[in-house]
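[1] Below are the sequence and a predicted model for it; my questions follow.
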Amino acid sequence: MTVEPGRAVVVGIDFGTLSGRAVVVRVADGAELGTGVHEYSHAVVDRILPGTGQVLPPDWALQVPSDYVDVLRHAVPAALAAAAGAGVSAADVIGVGTDFTACTVLPVATDGTPLCELERFADRPHAYVKLWKHHAAQGQADRINELARVRGESWLPRYGGLISSEWEFAKALQVLEEDPEIYAATAQWVEAADWIVWQLTGRYTRNACTAGYKGIFQDGVYPSPEFLRALAPGFAGFVEDKLVPPDGRLGDRAGGLTEQAAAWTGLPAGIAVCVGNVDAHVTAPAGNAVAPGQMVAIMGTSTCHVMNGERLADVPGMCGVVDGGITAGLFGYEAGQSGVGDIFGHFVDTGVPAAYSERAVAEGRSVHEVLTELAAAQPVGAHGLVALDWQSGNRSVLVDHELSGVVLGQTLQTRPEDVYRALIEATAFGARTIIEAFEGAGVPVEELVIAGGLTKNALLMQIYADVTRRPLSVVDSAQAPALGSAIHAAVAAGAYPDVPAAAAVMGRIRRGVFLPVAANSAVYDRLFAEYTLLHDHFGRGGNAVMHRLKALRREVLGVTPGGSGVTGSGAPEADAVGSDAAAAGAPGPGTPGPAEAGAVPARPSAALQEALA
Ligand SMILES: Nc1ncnc2c1ncn2[C@@H]1O[C@H](COP(=O)(O)OP(=O)(O)O)[C@@H](O)[C@H]1O
Ligand SMILES: O=C(CO)[C@H](O)[C@H](O)COP(=O)(O)O
């Protein structure tokens, strides 16, 4: 059935950390006509494995794949219903596109069934989706990095010199070493970005974006079997057995919508389904910000920084550079901060006296809004604090998830709003560190474009403008990633020849929304210098106390080295406290030894159950 061009719409679906959001977008001009949101019922599984009562060790973060299908069932029909008010019917939809958090990855059987949905594996943590912020594979990442450095692997500089514990290989190695039965049963190790497209089309298409950034696919190949064998003999066949090469370019049609997916969503069967993509990368077209030098920071739970560049450069500590990783024909760069909104959310949940929550309730506002208003009423530097933004580890530029948070300068006069402001400032300093790493490596950042949920906080945005000394442009959409996915869907449906052409019509940006105030920037320069001192001291080897504290925590909780407690017998294990590296205050692994290969999954230790329950 052909849809009259003026009526044609596309649906973009953004699978975030806590919810999925669908938006119906007009192809002709990018107008957003209807939105639907569905919160994942299991949210982030970081304490108790559903249906088992099993307590997860520190730094784990899982998800339940049926929650993603529920987004298809609920958010898409809700968006369609909302768009009906603008005269849109399901028959007008010509394509659907999706984006996902990444690296969010799961083990599946040959037909795509998640292993956690097989009854015999339902009580096995390693059978579940490992969310991007699962940080329990740092030991594996450390070994990948050390071996790649020693062997001079050509792909390592493409990842800023360090592979993150968040990415595909570290997480897969953790499965092999902590639950070999699950590893053996894994037919494919699939990015959730591709799994959802598999559910929509009935076939597996591996997208070029996650394969490049999260799957170490560079210059047409993955890491060699020799490298993998040297890492762990049982890992030699990982690429051959459990990964496929990317076969889906961004914006390509992955297939047609199946009858089953049509029944879930209310969309017409057979319409174009776009190849999967990452939430950060789809957002650049949403702001029509795909030219070299336009850095887009997608600020929400975490922040991702994506930017096209004309040439290939090694940027120390970036997440990665991928040829065509954002749009075809350019090198797509990515960096990131693992905790941003999450850090503010954690402080709101754990660090604020009842009076603040009561005031928020009485005023019908969130605690964030109350703290923001109070924090805004002070001159820059008046709180006397400087903080490090590492409560969820450091993704760029240190690439170390054994690092943790610091708030320095607290006195008996320090108020919650002071700490809240210092935490916002710390994340802005982290962003400036990233921008300076790009510029220092000869990749100029010519425009800073912001998208995501945090754009609603005007104090935060002003602080970012002041700290970075740059005017901020803003992607003009409350659902920027979903809009970006819709733009990709329009390309997959054939409405535009390529993503930049679609972005030029459907993307939206507002320029100069926040401008730096010179007097503020001058004080922030001084605070940034203090931040950098702390950053380098704790993050580059001055003092490995953060590693030792995490190691001590694992030891006391009876968690095995390598980052997991699911193999734990209950007996505390020796850990980094006694290691040469830690004793010397050296940077690097907090979990130095290899994890116990071949350990059989068991219950976490009694100490862990008790401490975390
Ligand atoms: N007014 C606010 N100011 C700063 N942070 C906020 C505010 N409201 C919510 N947050 C934080 O924003 C994050 C959610 O951002 P959002 O962009 O909606 O989600 P996601 O990153 O999952 O797409 C949460 O971590 C929350 O703590
Ligand atoms: O690393 C990513 C992209 O490469 C993740 O998707 C991201 O950090 C999670 O995104 P959000 O904070 O928006 O939920």
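    It's in. Residues are numbered from 1 along each chain as shown. Ligands and ions are numbered 1, 2, ... in the order given.
[2] For this structure, what lies in contact range of ligand 2?
    Counting by C-beta under 6 Å from any ligand atom, the residues of the chain close to ligand 2 are 16-17, 101-102, 132, 278-280, 298, 300-302, 304, 336. The way it works is simple: take the backbone N, C-alpha and C, and place the C-beta from them, glycine included.
[3] any chance of those in CSV, plus neighbour count, distance to ligand 1 and secondary structure?
    Converted to CSV, the residues of the chain next to ligand 2 look like this (neighbours: other C-beta atoms under 10 Å; distance: C-beta to the nearest ligand atom, whole Å; DSSP: H, G, I helix; E, B strand; the rest coil):
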residue, neighbour count, distance to ligand 1, secondary structure
16, 21, 4, coil
17, 20, 4, coil
101, 25, 8, coil
102, 29, 13, coil
132, 28, 10, coil
278, 31, 12, strand
279, 29, 7, helix
280, 30, 10, helix
298, 31, 8, strand
300, 22, 2, coil
301, 23, 4, coil
302, 25, 7, coil
304, 29, 9, strand
336, 25, 12, strand
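[4] Name the nearest of those residues relative to residue 387.
    When the residues of the chain next to ligand 2 are compared for distance to residue 387 (C-beta to C-beta), residue 302 wins out at 16.8 Å.
[5] Which pLDDT value belongs to the closest one?
    We have a pLDDT of 95 for residue 302.
[6] so it touches residue 335, yeah?
    No - here residue 302 does not reach residue 335: they are 11.3 Å apart, not a contact under C-beta atoms under 8 Å.
[7] shared neighbours of those two, anything?
    Common contact partners of residue 302 and residue 335 (C-beta atoms under 8 Å, 6 or more residues apart in numbering): residue 395.
[8] was I right about residue 428 contacting residue 465?
    No - counting by C-beta under 8 Å, residue 428 stays clear of residue 465, with 9.1 Å between them.
[9] Write out the residues of the stretch 401-550 of the chain neighbouring ligand 1.
    So the stretch 401-550 of the chain meets ligand 1 at 452-454, 456-457, 460 (C-beta under 6 Å from any ligand atom).
[10] okay, those residues in JSON lines with neighbour count next?
    Shown next, in JSON lines, are these (neighbours: other C-beta atoms under 10 Å):
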{"residue": "452", "neighbour count": "26"}
{"residue": "453", "neighbour count": "16"}
{"residue": "454", "neighbour count": "22"}
{"residue": "456", "neighbour count": "12"}
{"residue": "457", "neighbour count": "19"}
{"residue": "460", "neighbour count": "26"}
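[11] How many neighbouring residues does residue 512 have?
    Other residues near residue 512 number 10, with proximity taken as other C-beta atoms under 10 Å.
[12] again, but for the one 4 residues further on
    Counted with other C-beta under 10 Å, residues neighbouring residue 516 total 18.
[13] Next up, the contacts around it.
    Applying C-beta under 8 Å, 6+ apart to residue 516 gives the contacts 465-466, 468-471.
[14] go on, residue 90?
    Contacts for residue 90 (C-beta under 8 Å, 6+ apart) come out as 80, 266-268.
[15] Of all the helix elements in this protein, which one is longest?
    The single longest helix within the chain, with elements called by DSSP state H, is helix 416-440.
[16] which parts of that helix are buried?
    By 16 or more other C-beta atoms under 10 Å, the buried positions in helix 416-440 come out as 416-435, 437-438.
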